[in-house]
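Visitor: Sequence first, then the predicted structure, then my questions.
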Amino acid sequence: MAQPLLKIENLRTYFYAHSKQAFVRSVDGVSLEVGQRETVGVVGESGSGKSITAMSVMGLISGGPGVIGGSIHYASDKVQKNLLEGLENYVQLEEGNGRVLTVKKDESGWQKASEKLMAGMRGKEIAMIFQNPRASLNPYITVGEQITEAVRLHSGISAVKEARERAIHWLERVKIDSPRLRYNSYPSGMSGGMCQRAMIAMALSSEPSLLIADEPTTGLDATIQSKIVDLLQELKNETGISTLLISHDISVITRLSDRVAVLYGGAVVEYGPASQLLDAQAGFKHPYTAALLASVPNQQKIRARANLQAIEGEVPDTINTPPGCRFYARCNQITPEIRDKCAAIHPELKDVAPGHQVRCWRFIN
Amino acid sequence: MRRSTRVKKYIQTSGEVSDFSKLPLHKKFSIPDLLYVGYGLLIVFLVLVSYVLGAFNLLPNDPQQINMDMLMAPPGTGGHLLGTDFMGRDIQSRLILGIQAYFLPGLLAIFISLSIGIVLGVLAGYRGGYAETVITYFTNLVDSFPRLVLILLVIAAFKPDIYYIMMVMGITGVPAVANAIAGKIRVLAQKNFIEAAIALGLRTRVIILKHILWYNCRALLIIQATLGMGEAILLETSLSYLGFGVQEPTPSWGNMVQSGANYFMQGNFWPSTAPALAILFTILGFNLLGDGLNNMLEGKRSR
């Protein structure tokens, strides 16, 4: 198999919560792969570490201590490198009793080294679109000028006129009506969906290899959401761009993803092909994924007038992690044989089918 | 046939409707704002003209010539449009020359407070952390010191020179600018377009200079500058009244009011009233200019 475009290994991003005087492990050992021309969906509840994973890849984490370890291997036709190369040297960690006690991080040294590694990556190789598109555009600059700025920055086109034509071309490609007129619109004069289209145009104008879409449909109307998803699907087919799609909306993930990773409590609990993982009937499934799928309304459930299942309990506290499985307290599939193991040992990701991994004791012998 | 003059174009494709507006935030300039700004610009123009006239000595009369035959001449007598003061000097010429005391020193004060204020504000707002703490302490320290006391200290240590006064004024104006810029950046950081700009690969320098300062803070800076000019005039006036401002025989509006005030009760109201009105209308002009520009550039936006 070809080398994956993006390979995140054991990524850890911690934050210090002043109110609790403790370290929150937002992302705690996430490993993911995004292959060439592949869309990987990342699902999970709020606070499961989805967005923080994306921001860590982009090097956008600010505030201490932030990213503290792991590796992010990036390999496109033009660039091959580890985005966290040698950064471990700036961090010292002390753990004990399920808590992170101290993190010593040379913040300025880390930032400098990180900026060096990220140079030429942001926007050029990895582009990102955000939730709440209108806030992601500068309110005082016309949409067209903002795209032109991106084009001139990354596409090697320095002539303003040519860059402008390219920007209009991209406005057209994301299906914004009358792009020449729209060029002079300010973000406040456009709808949320339009702004998101403009953001997509800006992100793709530099023809990056990887697009990180951080909840691209959140905050939009349902019909517009659907259209943005269609657009992303189409652009993916046209340009063959790899996408890391982050969403809590399973229907969006279902429509776009080739592979899906389910995040829970800052770690991947299930990772596999979208067709297997999102099929509620399919066999091997992490209890959390099963519960997530059960909580999504679908036709059969509506016809049968069945109640939607909620997942009992709360999002896990990542300050004091219990020694066992993080889903232990909310799990409804614990059998007497494995109960002791569930409570005591954190399970590893284990292959249950080719390319399908689950982190659950039920599938480990 | 009557045709509607206001045509709002709606174009509908892919189900998303929005209107075309050339202006960023549906701004329609209101008539009061236009009047404010128009009046303010008129004052700015008059100040500039007076400055040039004074600088090239193109005055109707010699402002320093003492005429013992015409003490306290009322306005309009003997070629003196605004009359003469207690030493028989032409008030009109002295008024025009008086702007020299404010123009360059005022600009110096504005320059000091804006340049240092912008640097500190960007450091505090954009960098945050340790820099923010230190800068907050510094601005609070400067703010907690009474400005007049500071100026009197400097005057006592050096000499009552308008440039020293304006330098102190510039430095004491730093906290206001720094806090305004830092606060603005904090608000901007909550909307994530700065983050999006970083993700786009823009250099920090471009983000700060172009996206933050030029596009999002320019209104604020213009307003700070116009308010600063009005404040400079007001400060010199109060100091002159205490006798610490511009020293005779160099005219300034402050010391003209002060010297004329002694004769006010005797019925000779014009030597102090003329500069007092000049101060009133000029400061009003600068403040209205700032206010109008604020409303035009910043306020009344639909978010």
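Guide: Noted; the coordinates are in hand.
Visitor: Now do the same contact list for the residue of chain A found nearest chain B.
Guide: Of the residues in chain A, the one nearest chain B is A:G123, at a distance of 3.0 Å by C-beta to the nearest C-beta. All C-beta atoms are positioned from the backbone trio N, CA, C, and that covers glycine. Listed by C-beta atoms under 8 Å, 6 or more residues apart in numbering or on different chains, the contact partners of A:G123 are A:150, A:153-154, A:203, A:206, A:208, B:199-202.
Visitor: near chain B at all, the lengthiest helix in chain A?
Guide: Of all the elements of type helix in chain A, the one with the most residues (DSSP state H) is helix A:222-239. Yes - residues of helix A:222-239 are located near chain B by C-beta under 8 Å from any C-beta of the partner chain, namely A:223-224, A:227.
Visitor: Separate out the buried members of the residues you listed.
Guide: Neighbour counting by 16 or more other C-beta atoms under 10 Å in any protein chain shown classes A:224, A:227 among the residues of helix A:222-239 next to chain B as buried.
Visitor: Quick one: neighbours of the closest residue to B:V246 other than its chain neighbours, just the number.
Guide: With sequence-adjacent residues excluded and distances taken as C-beta to C-beta, 6 or more residues apart in numbering or on different chains, B:V246 is closest to B:S252, at 3.7 Å. A total of 26 residues lie near B:S252 under the criterion other C-beta atoms under 10 Å in any protein chain shown.
Visitor: on that earlier part again, looking just at contacts, which helices and strands does the longest helix of chain A meet?
Guide: When contacts are defined as 3 or more C-beta pairs under 8 Å, 6 or more residues apart in numbering or on different chains; DSSP states H and E, helix A:222-239 sits against helix A:192-204, strand A:242-246, helix A:250-256.
Visitor: In this structure the residue nearest to B:V246 contacts B:F103, no?
Guide: No - applying C-beta atoms under 8 Å, one finds B:S252 not in contact with B:F103, separated by 11.1 Å.
Visitor: and the closest residue to the residue of chain A closest to chain B other than its chain neighbours, what does it touch?
Guide: Of all residues beyond its chain neighbours, the one nearest A:G123 is B:G201 (3.0 Å), with distances taken as C-beta to C-beta, 6+ apart. Residues in contact with B:G201, defined by C-beta under 8 Å, 6+ apart, are A:120-124, A:153-154, A:206.
Visitor: and chain B, what are its domains?
Guide: B:26-101+B:272-303, B:103-247 (automatic domain parsing).
Visitor: which residues touch the residue nearest the centre of chain A?
Guide: Taking C-alpha atoms, centre = their mean as the criterion, A:I246 is the residue nearest the geometric centre of chain A, at 3.8 Å. Contacts for A:I246 were tallied using C-beta under 8 Å, 6+ apart; they are A:41-42, A:50-51, A:53-54, A:212-215.
Visitor: ok, now A:V100?
Guide: For A:V100, counting by C-beta under 8 Å, 6+ apart, the contacting residues are A:14, A:22-23, A:25, A:93-94.
Visitor: doesn't it fall inside a strand?
Guide: Yes - the assignment for A:V100 is a strand, going by DSSP: H, G, I helix; E, B strand; the rest coil.
Visitor: what are the bridge partners for it, then?
Guide: A:E95 (DSSP bridges).
Visitor: Can you tell me how far it is from B:R218?
Guide: Counting by C-beta to C-beta, to the nearest Å, the separation of A:V100 from B:R218 is 44 Å.
Visitor: likewise A:L220?
Guide: Looking at A:L220 against B:R218, where the rule is C-beta to C-beta, the gap reads 31 Å.
Visitor: And A:S46, by the same measure?
Guide: For A:S46, the distance to B:R218 (C-beta to C-beta) stands at 38 Å.
Visitor: now A:T243
Guide: Plainly put, A:T243 is 37 Å away from B:R218 if you go by C-beta to C-beta.
Visitor: which one of those two has more residues nearby?
Guide: With other C-beta under 10 Å as the criterion, A:T243 and B:R218 differ in neighbour count, and A:T243 comes out ahead with 23 against 14.
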